[in-house]
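A.B. asks: predicted model and sequence below, questions to follow.
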Amino acid sequence: MDGTMAGYYVREGTNTNLFVINLAGGGACSDEKSCEQRSGTRKGSSKFDLDSKRGDGLIDPSCDVNPSFCEATHVHVLYCTGDTHRGIREKRSDDSEWYSKYYFDGHSNFKAIVEVLKKEKGLENNVDTKVLLTGISAGGVGALYNVDTLQEMIPEATVKTAPIGGWFNPGALSGDLPPIYPPSDYTYFKKDEHGNELYDLIQGGGEQVDVWEMSNTLPADCRAAYVDGDDDKSWACYSIHIAYPYIKAPIFAISSQYDNYHIYTGGGAPKNIIDPEEQTIFNRYVDMMGRAERLSFKQLVDDNTKTTKEHPDGIFAPSCKVHGTPNDVTITDGKTWIEIVSDWFFQAKELKDYYKQIEDCSTDQAGLVLPCNANNEKCSFEFEDQDPLFEICRQKVESVGCLMKKNKKICLQCVEQNKNEIIDEKCNPKNKKEAEKILKQICSLELDDPDQDPLVGICLQKVEDVGCLDTKNDKKCLKCANENEKEIFDGECKPKNNKKEKKILKEICSLVLDDPEEPDDPEVNDDPKAKFVVKKKKNGKEKKKTCGKLIEMNGKKIEKYCSDQTYGEKGAAVVCPVTCSSNN
């Protein structure tokens, strides 16, 4: 968005004919406020990117986890354009429109990266080449809308796509709105009325502004089908519910039936409900959204396509209330979507009976069909019962831009810097301790990885408390954690067995210490004088206040946590330019 260079990570595989290209996710922005908050953060600039990244899912290098694709060349395309990898707004302009100062060029970046892969990384245009294009959330959207472009760039190769959580959006149900619109939002639904922002705009005589300049990247046949003389409804093709029949490449969609993003962010449903009557309305809304999703997915089951494909599409839709489908979720016979997608991609047909799965659930006493997958705890449908202040304060934290930060730690730093703006007559906890608790909870919940075990966040604090996150790499972190298991695994941090304990510790050390192979920088030296910077009086007594061990880097003292491989040498000086004295 800010004009910094687009980028990608690559791990060159031993199977030179097989590629997996993963498009990063991270939401989107299409209005002035959200784009302003996004710009200058990792979601709007590449200057915060790490020197290396660990792959998971379909780009996991482990053959135990990802046997069919572990030997492929893995490519991870970064995402800082806010346009779901679909825009071609490549230049800034001097006109008065707010979006003219941004670059929304995700589609252009994708094409440029593919050209580099062709020239430098062995992506050959021949019949032996096989490419799987994938991505989660915004990356899933991008995979769906870029896969035909990829095929056009290597027409002799086999190209398919497996988007995860990228089915934006389902169409409205009969009796709600015309299916070219998404379902009614929660505000209308609660009043037994029908409508949403897009519907209101079009019915009011307005036009959907193509902020990202993505119209020409949509399937041409779809656009043509929705233009009748002066009646141009080609904007309908922005939705995969409408565009799906016109996509030529084979698709295997992995999407939960009750996507949190569709329910809360898109639909505007409340997260914190105290009134039982409101909860009943919320449950009805979740049921309606699930029915809309299933109806939209049925297109893949029925092969409702207007193109000729090499073989039928696939669908894995568990009955989960989650955005993005965790890798270990199953529907039938313990088969995960990674296993099934792999079999489908190579058309081995050993798992053919599992290629089209939309999990079926019974109705409850109220006649509703709610999330019912019992094979994964992340799929459970639990009513969120949080402090009512949480949502009020969350909106304040979001308004000052703290939820756009890279992780929980930087979010909390942002909150501290903007506390005077956040704490007001509405967001007004009764004391300092309660304020810290709510604000910490907001940063923790909002910046959690949707595919991450919830215990990771709980146990991470314990691992940090015993000093293991101050080690140089993930191996030393794991060694430290294993030596301090008794202190770590108590209270809330209590995995159910030893195997789960090992998995949690490995995930924590991997998340925080990204590049175990990065050598120590000889120019980075501990500064013992920086351990304790200020002394404060409390109850008449002088106390030392510690900010953590600091180091010297490029003439700046910065927190050691920030300088570790979490950000790399250059990144640390950018994202953590804080000294102890400025942090007190």
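C.D. replies: Cool, the structure landed.

A.B. asks: use CA for all of it now, contacts and neighbours both
C.D. replies: Will do.

A.B. asks: how many residues are close by residue 367?
C.D. replies: For residue 367, the count of nearby residues is 10 (other Cα atoms under 10 Å).

A.B. asks: now the stretch 351-500 of the chain, which segments are flagged as low pLDDT?
C.D. replies: Applying pLDDT under 70 to the stretch 351-500 of the chain flags residues 382-388, 405-407, 445-458, 470-473.

A.B. asks: now do the strands in the stretch 151-300 of the chain.
C.D. replies: Listed in chain order, the strands of the stretch 151-300 of the chain (DSSP state E, counting those that start in this stretch) span 158-164, 227-228, 231-232, 252-254.

A.B. asks: any chance of these in a markdown table, plus distance to residue 72?
C.D. replies: Below are those laid out as a markdown table (distance: least, Cα to Cα, whole Å):
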| stretch | distance to residue 72 |
| --- | --- |
| strand 158-164 | 14 |
| strand 227-228 | 42 |
| strand 231-232 | 43 |
| strand 252-254 | 19 |
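
A.B. asks: relative to residue 491, which of those strands is closest?
C.D. replies: In terms of Cα to Cα, the element of these nearest to residue 491 is strand 158-164, at 34.5 Å.

A.B. asks: helices and strands around that closest one, which ones?
C.D. replies: Packing partners of strand 158-164 (3 or more Cα pairs under 8 Å, 6 or more residues apart in numbering; DSSP states H and E): strand 130-136, helix 138-153, strand 252-254.

A.B. asks: what about the ones you listed, which gets the closest to residue 341?
C.D. replies: strand 252-254 (6.9 Å).

A.B. asks: what's the first helix or strand after the closest one?
C.D. replies: Proceeding N to C from strand 252-254, the next assigned helix or strand is helix 260, under DSSP states H and E.

A.B. asks: follow-up on the earlier one: let's have the helices and strands packed on strand 158-164 in TSV, adding mean neighbour count, distance to residue 265 and mean pLDDT.
C.D. replies: What follows is the helices and strands packed on strand 158-164, written out as TSV (neighbours: other Cα atoms under 10 Å; distance: least, Cα to Cα, whole Å; pLDDT from 0 to 100):
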stretch	mean neighbour count	distance to residue 265	mean pLDDT
strand 130-136	25	16	98
helix 138-153	24	13	98
strand 252-254	26	20	98
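
A.B. asks: looking at those, which is nearest to residue 66?
C.D. replies: That would be strand 130-136 among these, by Cα to Cα, at 13.5 Å.

A.B. asks: and that closest one, C-alpha only, in PDB?
C.D. replies: Coordinates of each C-alpha in strand 130-136 appear next as PDB, following Å, rounded to 0.1, in the frame of the first residue of the first chain:
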ATOM      1  CA  LYS A 130       2.300 -29.200 -11.400                       C
ATOM      2  CA  VAL A 131       1.300 -26.200  -9.300                       C
ATOM      3  CA  LEU A 132      -1.100 -25.900  -6.400                       C
ATOM      4  CA  LEU A 133      -2.100 -22.400  -5.500                       C
ATOM      5  CA  THR A 134      -3.400 -21.900  -2.000                       C
ATOM      6  CA  GLY A 135      -3.900 -19.400   0.700                       C
ATOM      7  CA  ILE A 136      -6.000 -18.600   3.800                       C
END
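
A.B. asks: you'd agree residue 362 is up against residue 369?
C.D. replies: Yes - shown here, residue 362 and residue 369 form a contact pair, counting by Cα atoms under 8 Å, at 6.2 Å.

A.B. asks: more crowded one of these two?
C.D. replies: More crowded of residue 362 and residue 369, by other Cα under 10 Å: residue 369, with 20 against 11.

A.B. asks: now that one: how far from residue 299?
C.D. replies: 20 Å (Cα to Cα, to the nearest Å).

A.B. asks: closest one to residue 237 among the helices and strands packed on strand 158-164?
C.D. replies: Minimum separation from residue 237 across these (Cα to Cα) falls at helix 138-153, 10.2 Å.

A.B. asks: so which elements touch the closest one?
C.D. replies: Packing partners of helix 138-153 (3+ Cα pairs under 8 Å, 6+ apart): strand 18-23, helix 106-120, strand 130-136, strand 158-164.

A.B. asks: TSV please, covering these and showing distance to residue 183.
C.D. replies: Compiled in TSV, those are given as follows (distance: least, Cα to Cα, whole Å):
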stretch	distance to residue 183
strand 18-23	27
helix 106-120	27
strand 130-136	22
strand 158-164	21
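
A.B. asks: what's the closest of the ones you listed to residue 438?
C.D. replies: That would be strand 130-136 among these, by Cα to Cα, at 29.0 Å.

A.B. asks: who's in contact with the nearest residue in space to residue 14 that is not next to it in sequence?
C.D. replies: Nearest-residue entry for residue 14: residue 71, 5.3 Å, with adjacent residues in sequence omitted and distances by Cα to Cα, 6 or more residues apart in numbering. For residue 71, the contacting residues are 13-15, 18, 61, 63, by Cα atoms under 8 Å, 6 or more residues apart in numbering.

A.B. asks: okay, and residue 71 sits in which element?
C.D. replies: In the assignment (DSSP H and E), residue 71 maps to no helix and no strand.

A.B. asks: which of the contacts of residue 71 sit farthest apart?
C.D. replies: 18 and 63 (14.6 Å).

A.B. asks: more neighbours: which of these two?
C.D. replies: Neighbours were tallied for residue 18 and for residue 63 using other Cα under 10 Å; the higher tally belongs to residue 18 (22 against 11).

A.B. asks: these two touch, right, that one and residue 70?
C.D. replies: No - counting by Cα under 8 Å, residue 18 stays clear of residue 70, with 9.8 Å between them.

A.B. asks: so how many other residues sit close to the closest residue to residue 45 other than its chain neighbours?
C.D. replies: Take residue 45 and drop its neighbours on the chain: the residue closest to it by Cα to Cα, 6+ apart is residue 80, 5.3 Å away. Using other Cα under 10 Å, residue 80 has 35 neighbouring residues.

A.B. asks: tell me the contacts of residue 80?
C.D. replies: Applying Cα under 8 Å, 6+ apart, we find residue 80 in contact with 1, 6, 42-46.

A.B. asks: which helix or strand contains it?
C.D. replies: Here residue 80 sits in a region with no helix or strand, counting by DSSP H and E.

A.B. asks: could you find the closest non-adjacent residue to residue 301?
C.D. replies: residue 356 (5.9 Å).

A.B. asks: distance of the nearest residue to residue 373 once chain neighbours are set aside relative to residue 210?
C.D. replies: Closest residue to residue 373 apart from its sequence neighbours, by Cα to Cα, 6+ apart: residue 319 at 5.2 Å. Look at residue 319 and residue 210: by Cα to Cα, they are 34 Å apart.

A.B. asks: who has more neighbours, those two?
C.D. replies: Neighbour count, other Cα under 10 Å: between residue 319 and residue 210, residue 319 has more, with 27 against 12.

A.B. asks: now do that one against residue 377, distance only.
C.D. replies: Using Cα to Cα, residue 319 is found at 12 Å from residue 377.
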